[in-house]
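# give me the fold of what follows.
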Amino acid sequence: MPSLDYHALLPAIILAVTVIATLVVDLVTTRKSLAAITAMVGMFAALVPVLTLAFCDSLEFCTSTGDRMLFGGSYVVDGYALVLQGIFIFAGFTTLLLSIGYLETDRYYEGEYYFLIVSAVLGAVVMASSRDFISMIVALEVVSGSGFLLAGWRKGDPKSNEASLKFFIIGVLALALMLFGVSLVYGLTGTQVFSEIAAAASGVSDVPLFALGVIFILLGLGFKVSAVPFHFWTPDVYEGSPVPVTAWLSVGSQGAGFVGLLSVCYLAFPTVTDVWGPVMWVVAALSMTVGNVVAIKQTNVIRLLGFSSIAQGGFMLAPFGAAAASGADLGQAFGATVTYMVIYAAMNLGAFAVAIVIGSRLGSYELEDWGGLYRYAPGIALTLAVFFMSLAGIPPLGGWFAKFAVFTATIGVGSWWGYSIAIVASINAVIAFVYYAKVVKSAFFDPMPEGLDVGSLEGSALPSPIGFAIGVTTAAVLVMGVFPGLVANLGSFSSEIFAAIGL
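You can find the predicted model right below:
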């Protein structure tokens, strides 16, 4: 029996133990806050082996270096996997911080809530290392299944119930489409492993059923990442879910879908870019445009962020389509997408954190009720401006470099596929600035609504967990904006996968 590389498996093992420990703590104690503490300790502990694996070349106790391949190549720990695992653990830990004290349900059920959050993170972490369809789909559905339940956590709220049901129905439909596509690809190639599919694809690329299988897989993953025209469920689910859950869905759940797209397109189908490249180009252009144009009309901040996530997903997809459709080098596009994901995670989680503080205390997420925020809560208003202007891509905040990486990758393609999507992205960047600036304008320049009780915000201290989350995400956005080389190195580190597979 071959020996296992437990160091490579350690992040997933720690999270699996944390899942069980959180559930046990919830069952044996009446202090449900202990379940949250257990979940956070486990999440933090899981980040340690991610860091030791990333820096293994310079650590004396590491017995092996380079990429770790397990289970016949079905589970791989490389630079790409480690960067994405770090994003998911960071997003999960931040979600836990945002959730403490927010839950509006019976406190008896809080432990199960934290159990589901850790379960979702476990699925996302495993998915980052999955290199075959079986492990990828199982991991993706662990993420999605937890999301279905979390979206409907507010049992007495019809909107939350609707969000959960709609999310479940769309998730099942997406899974069915993806499984049908996988069955076609497996039938023609005889394998589920991405590297083996890539090797066999050249022999069956002319078979219409193979192209159909690729398209169905992309359709299934398109639902997961809220890409247009599969986006229609997103705003309702985001608005109906508890806001910390929405924060996780916008970064963790959507990010898991992007991991699926990255792995499938770049690792399983790199030799058939003529099939999926033009599709990604069209989806990216539509997602950016539809998400931004519809967001302009939104008056509810959570729905606005929902359409924003659709548009931001389009920016992440832009290098996909441009490089693949033109047959250019995929490495730079891959690195640009990962770079964007890292920055997006910090600024979007921060935006939701500030929204939770304002919305929960004012009792409203309507933009008109946030008017004049700067007059009685200047600190919160300033952090609001930091995150929303970062999402708009304003220097020196981190969002500018995310946009810069996308423009560099698309223009660097050197064909009309790249130039045209870069033009679409630049127009959409201007449109996005309009509605992000609208939120900041309301907080700084609009009059305060009549009869507003500002006592809940004026001069009050933030709870320690959410204050820490806002502090960490604010620091991350500022550091990544001022020192973009740090996050660029992560993108380069993740794209080293192409050298390993010979692309």
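
# average pLDDT for stretch 243-252, rounded please.
In this model, stretch 243-252 has a mean pLDDT of 89.

# need the contact list for the closest residue to Ile217 other than its chain neighbours.
Once flanking residues are discounted, Ile217 sits nearest to Gly181: 3.7 Å by Cβ to Cβ, 6 or more residues apart in numbering. For glycine as for every other residue, the C-beta is placed from the backbone atoms N, C-alpha and C. Gly181 makes contact with 212-220 under the criterion Cβ atoms under 8 Å, 6 or more residues apart in numbering.

# tell me which helix or strand of the protein sits lowest on mean pLDDT?
helix 497-501 (a mean of 53; mean pLDDT, DSSP states H and E).

# picking up where we left off before, just the contacts of Gly181: which are in helices?
212-220 (DSSP state H).

# going through those, which ones are buried?
Buried members of those, scored by 16 or more other Cβ atoms under 10 Å, are 213-220.

# in JSON lines, list the residues you listed along with distance to Ala422 and pLDDT.
Supplementary listing: those in JSON lines, determined by distance: Cβ to Cβ, whole Å; pLDDT from 0 to 100:
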{"residue": "Gly213", "distance to Ala422": "31", "pLDDT": "90"}
{"residue": "Val214", "distance to Ala422": "26", "pLDDT": "89"}
{"residue": "Ile215", "distance to Ala422": "25", "pLDDT": "89"}
{"residue": "Phe216", "distance to Ala422": "29", "pLDDT": "91"}
{"residue": "Ile217", "distance to Ala422": "27", "pLDDT": "91"}
{"residue": "Leu218", "distance to Ala422": "22", "pLDDT": "89"}
{"residue": "Leu219", "distance to Ala422": "26", "pLDDT": "88"}
{"residue": "Gly220", "distance to Ala422": "28", "pLDDT": "88"}
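
# quick check, nearest of the residues you listed to Ala174?
For these, the residue nearest Ala174 by Cβ to Cβ is Gly220; the value is 4.6 Å.

# helix or strand: which one has the residue nearest to that closest one when sequence neighbours are not counted?
Distances taken as Cβ to Cβ, 6+ apart put Met178 closest to Gly220, at 2.8 Å, once the chain neighbours are dropped. Under the criterion of DSSP states H and E, Met178 resides in helix 158-189.

# how about that helix: buried residues?
In helix 158-189, counting by 16+ other Cβ under 10 Å, buried: 160, 162-164, 166-168, 170-171, 174-175, 177-178, 181-182, 184-185, 188-189.

# next SSE downstream of it?
Next element after helix 158-189 (DSSP H and E): helix 194-204.

# quick one: list the elements packing against that following helix.
If you count contacts as 3 or more Cβ pairs under 8 Å, 6 or more residues apart in numbering; DSSP states H and E, helix 194-204 packs onto helix 158-189.

# now with 10 Å?
helix 133-151, helix 158-189, helix 208-224, helix 497-501 (3 or more Cβ pairs under 10 Å, 6 or more residues apart in numbering; DSSP states H and E).

# got TSV for those helices, with distance to Gly379 too?
Converted to TSV, the helices and strands packed on helix 194-204 look like this (distance: least, Cβ to Cβ, whole Å):
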stretch	distance to Gly379
helix 133-151	30
helix 158-189	30
helix 208-224	36
helix 497-501	42
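
# quick one: closest of those to Phe88.
Nearest of the helices and strands packed on helix 194-204 to Phe88, taken as Cβ to Cβ: helix 133-151 at 9.0 Å.

# packing partners of that closest one?
Packed next to helix 133-151, using 3+ Cβ pairs under 10 Å, 6+ apart, are helix 79-99, helix 110-129, helix 158-189, helix 194-204, helix 208-224, helix 234-240, helix 243-248, helix 254-263.

# for Tyr376, find the nearest of the ones you listed.
Once those are compared by Cβ to Cβ, helix 243-248 is nearest, at 21.4 Å.

# can you give me how far the closest one is from the chain middle?
Offset of helix 243-248 from its chain centre (Cα atoms, centre = their mean, to the nearest Å): 11 Å.

# need the CA coordinates for that helix. CSV is fine.
Extracted C-alpha coordinates of helix 243-248, given in CSV (Å, rounded to 0.1, in the frame of the first residue of the first chain):
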residue,chain,number,x,y,z
VAL,A,243,-25.7,38.9,5.3
PRO,A,244,-22.7,36.9,6.6
VAL,A,245,-23.9,34.0,4.5
THR,A,246,-24.1,36.3,1.5
ALA,A,247,-20.6,37.4,2.1
TRP,A,248,-19.5,33.8,2.0
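
# what's that helix packed up against?
Helix 243-248 packs on helix 79-99, helix 110-129, helix 133-151, helix 158-189, helix 234-240, helix 301-326, helix 330-362, helix 464-482, going by 3+ Cβ pairs under 10 Å, 6+ apart.

# what residues are up against the residue nearest to Gly220?
Shown in contact with Met178 (Cβ atoms under 10 Å, 6 or more residues apart in numbering): 133, 136-137, 140-141, 216-224, 260, 264.

# how far away is it from Val28?
39 Å (Cβ to Cβ, to the nearest Å).

# what's the spacing between the spatially closest residue to Leu173 that is not a sequence neighbour and Val434?
Nearest non-adjacent residue to Leu173, counting by Cβ to Cβ, 6+ apart: Phe223, 6.9 Å away. Look at Phe223 and Val434: by Cβ to Cβ, they are 28 Å apart.

# report the buried residues of stretch 383-397.
Quick answer for stretch 383-397 (16+ other Cβ under 10 Å): 383-394, 397.

# low pLDDT regions in the protein?
1-3, 57-67, 101, 103-109, 328, 451-461, 495-503 (pLDDT under 70).

# I'd say Val264 and Trp276 touch.
Yes. Counting by Cβ atoms under 10 Å, Val264 touches Trp276, with 8.7 Å between them.

# okay, and the common contacts of those two?
The contact lists of Val264 and Trp276 share 214, 217-218, where a contact means Cβ under 10 Å, 6+ apart.

# burial count for Gly92?
Residues lying near Gly92 (other Cβ atoms under 10 Å) number 28.

# how about the nearest residue to it, chain neighbours excluded?
Nearest one to Gly92, counting by Cβ to Cβ, 6+ apart, is Val121 at 3.6 Å.

# verify the stated contact: the one you found with Ala39.
Yes. Between Val121 and Ala39 there is a contact at 9.1 Å, judged by Cβ under 10 Å.

# more neighbours, the two?
Comparing Val121 with Ala39 by other Cβ under 10 Å, the one with more neighbours is Val121, at 33 against 30.

# could you measure that one against Phe115, distance?
11 Å.

# for those two, list the residues in contact with both.
18-19, 39, 146.

# picking that back up, make TSV out of the helices and strands packed on helix 243-248 and add distance to Lys32.
TSV is the format used below for these (distance: least, Cβ to Cβ, whole Å):
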stretch	distance to Lys32
helix 79-99	12
helix 110-129	4
helix 133-151	16
helix 158-189	20
helix 234-240	24
helix 301-326	26
helix 330-362	19
helix 464-482	14
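
# the ones you listed: which one's closest to Ser253?
That would be helix 133-151 among the helices and strands packed on helix 243-248, by Cβ to Cβ, at 5.1 Å.

# pull out the buried residues from that closest one.
Per 16+ other Cβ under 10 Å, helix 133-151 contains these buried residues: 133, 135-137, 139-151.

# any idea how far that helix is from the chain center?
Per Cα atoms, centre = their mean, the centroid offset for helix 133-151 relative to its chain is 14 Å.
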